[in-house]
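J.: based on what follows, work out the 3D shape:
(one chain, ligands or ions: 1)
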Amino acid sequence: MTNLRKEAKKNKKVNSMNKLYLTNTKSRTLQEVKPLHGKHINLYVCGITPYDYTHLGHGRCYVTFDVLFRVLSMLGFDVTYARNFTDIEDKLLKKAHDTLGDEARYTEIASTYINSFHDTMHKLGCKAPNHEPRVTDNIPSIITFIESLIAKKHAYVIDGDVYFDITSFKEYGALSGRNLEDLEAGARVKVDENKKNPGDFALWKSAEANTFWSSPWGWGRPGWHIECSALAQKYLGDSIDIHGGGQDLIFPHHENEIAQSESRTGKEFAKIWVHNAFVTINHEKMSKSLGNTFFLHELFKEFNPMVIRYYYLQHHYRTPIDFSDVGLKGALSAYKRLVQAFSDVHATQASNALVDAMRDALLHDLNTPKAIGIIFEHLEQILHDKALASSVKYFIQNILGLRLEPLEHVTMTPEIEQLLAEREQARAAKNWKRADEIRDRLKELGFNVQDSKIS
Ligand SMILES: [Zn+2]
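T.: Below is the predicted model:
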């Protein structure tokens, strides 16, 4: 424990406790979180487009920001967390057309996948944000936002479409580090003849009469980027403390959000931008076309959702995860060890050198693998000290968000079935050693064998 005390003391000097540092994508530095208003922190995280099930990449993003939400609350901040649903988008319309035979039924698609998303988030231990606005419930705010951009000459109308003029916003490209000339010169996208510049993006997309919503520019629907600017302003204000999302959103989505919001308000849109790294499979980005998309509800049939959460937390949020079955099985045995170790421990909140060290790890850019490492490194000591074990369990459950409930209801997998069959054979042959070995292996897989007495 001496080393831990030393480390806690050292961290205290660097950290002087209660100071949270996050890597800000915009400044490319580690930056202290200092609230814009008193003890209040506004957190906005881009939500999903509910046209399909929630996959491993989504899970990683929302578990990351759930830990951030918990850490901010632990520090005594009064946090308002908002996360949107893009419930009108081309992919939703296509899905409604393909599966229900009618594009107009896209709201049914959205409801199905929003329900499924909520279920998945609950299973992953992610706390619900304070606000989960849907785009389709907020069209008037979006229209007002666009009107204001047109009035300030940051946007223009052509044939019922409205575009944002990226040359009207001097800071364009600051977040992603791209400059306007490169963007213009390198734009390989087919230039829409209506647009002034190839990089201009749609704020409003025109549609046939009497479809979607009526606007000052005719019937139509909002473009993708505008919703986050409008919803962040509506629910959190002109300037927010922390804006988050997956790394793939930096360009163009977040760049466009900044352009829209700052052009409207003249104020800095978000103080700190936090982005989590990708989940890849065999080093390739997950995508439907590659056929390597892993849906969480399917993984949950084989692995307890807490094992998946643990798997994410074993990696620092800024480090890419290359997903593998072996990695997940490793997470299963490690998490099982934790569950078993703390099974008879009653959780109580308390501070001590060890909990402080875990806390410091999280305060330093949410270093979850370090916090977990501290537990395993000191597991023996922890379990020999009741008070210490209670405080560590409290931290694991409430800050890391790992429930530590027994891993019951393990679904049969081909491996478990085969092991059970092998074990039956071993028992029939009275090969007790082999039977015990298999029982231990099954236990590792979360399957507890209870033998009936042999008569
Ligand atoms: Zn967004």
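J.: only C-alpha atoms for contact and neighbour calcs from this point on.
T.: Will do.
J.: buried sites along the helix or strand residue 387 falls within?
T.: Assessed by DSSP states H and E, residue 387 sits inside helix 386-398. Buried residues in helix 386-398, counting neighbours by 16 or more other Cα atoms under 10 Å, are found at 387, 388, 389, 390, 391, 392, 393, 394, 395, 396, 398.
J.: tell me the secondary structure at the residue lying closest to the third one once chain neighbours are set aside.
T.: The one in question is residue 389. Closest residue to residue 389 apart from its sequence neighbours, by Cα to Cα, 6 or more residues apart in numbering: residue 382 at 5.1 Å. Following DSSP: H, G, I helix; E, B strand; the rest coil, the label given to residue 382 is helix.
J.: number of nearby residues for residue 382?
T.: Residue 382: 22 surrounding residues under other Cα atoms under 10 Å.
J.: got the confidence number for it?
T.: What the model reports as pLDDT for residue 382 is 96.
J.: so what's it up against?
T.: Residues counted as contacts of residue 382 (Cα atoms under 8 Å, 6 or more residues apart in numbering) are 375, 388, 389, 392.
J.: what's the answer for residue 105, then?
T.: Residue 105 neighbours (Cα under 8 Å, 6+ apart): 93, 96, 97.
J.: could I get the residues you listed as JSON lines with distance to residue 204?
T.: Output for the contacts of residue 105, formatted as JSON lines (distance: Cα to Cα, whole Å):
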{"residue": "93", "distance to residue 204": "16"}
{"residue": "96", "distance to residue 204": "21"}
{"residue": "97", "distance to residue 204": "22"}
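J.: buried among those? Make that a ChimeraX selection.
T.: The following ChimeraX line selects those of these that are buried, judged by 16+ other Cα under 10 Å:
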select :93,96
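J.: tell me which of the contacts of residue 105 is nearest to the ion?
T.: residue 93 (19.5 Å; Cα to the ion).
J.: what sits closest to that closest one if chain neighbours are left out?
T.: residue 103 is the one closest to residue 93 (Cα to Cα, 6+ apart), at 5.0 Å.
J.: I'd say that neighbour and residue 89 touch.
T.: No - Residue 103 is beyond contact range of residue 89, at 10.9 Å (criterion: Cα atoms under 8 Å).
J.: rewinding a little: residue 91 versus the residue nearest to residue 93, what's the distance?
T.: Counting by Cα to Cα, to the nearest Å, the separation of residue 103 from residue 91 is 10 Å.
J.: neighbouring contacts of the strand or helix carrying residue 120?
T.: Taking DSSP H and E as the definition, residue 120 sits inside helix 106-123. For helix 106-123, the surrounding residues in contact (Cα under 8 Å, 6+ apart) are 49-54, 59, 62, 87-88, 92-93, 95-96, 127, 296-297, 305-306.
J.: for the ion, what is the nearest residue in this protein?
T.: residue 46 (4.1 Å).
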